[in-house]
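[1] Compute the structure for the input listed below.
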Amino acid sequence: MNPRFFDYLYIALTIGFTVYGQLILKWRIRDFGPLPADSFEKLRFLLGLLFDPAIFSGFVAAFLASLAWMAVMTKFELSHAYPFMSLNFVAVLLLSGWLLSEPLTIQKLVGIALIVIGTVVAARG
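    The predicted structure follows:
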């Protein structure tokens with residue numbers, strides 16, 4: 001097995017934890033409904049979100065993504081590693097269409113293709 005495989009695994013973990021956090025937040029917030037207009041109700045609503053176990057797991061995922069990213073920074077130049085973070089957009093867009101039934105338009109799919117092409121070009125450069 002290529003020793004660099006484990007270095008790239010840190011990038012994959014960063015992306016995975018980040019994408020999980022975004023999807024879980026949207027899924028749970030959608031279940032909570034819209035933000036109330038009243039200030040007191042707004043605060044109560046936000047505190048309810050904060051203490052929701054699934055949403056809290058999204059915060060934990062963000063923390064774990066940060067730890068994985070710190071490991072990435074010990075293995076790669078920033079100019080090489082950072083373009084891979086654009087794959088967060090690709091994964092969130094595709095998974096939000098599949099898991100959250102959000103619309104996937106042709107424009108979004110073209111955008112995804114351009115992001116992937118750009119990531120490949122930047123990573124090889």
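[2] contacting residues around the helix or strand residue 97 falls within?
    Assigned by DSSP states H and E, residue 97 belongs to helix 87-99. Under the contact criterion C-beta atoms under 8 Å, 6 or more residues apart in numbering, helix 87-99 has outside partners 15, 18-19, 22-23, 26-27, 102-104, 108, 111-112, 115-116, 119. All C-beta spots, glycine's among them, are computed from the backbone N, C-alpha and C.
[3] After the longest helix along the chain, which helix or strand is next? Please name it.
    Longest helix of the chain, by residue count under DSSP state H: helix 4-32. Going down the chain from helix 4-32, the next helix or strand is helix 39-50, by DSSP H and E.
[4] I'd like the next helix or strand past that next one.
    As the chain continues past helix 39-50, the following element, by DSSP H and E, is helix 53-75.
[5] what does that following helix contact?
    7, 10-11, 13-14, 16-18, 20-22, 24-25, 27-29, 49-50, 81.
[6] quick one: buried residues of that helix?
    Within helix 53-75, the residues that qualify as buried are 55, 58, 61, 64-65, 68-69, 71-72, counting by 16 or more other C-beta atoms under 10 Å.
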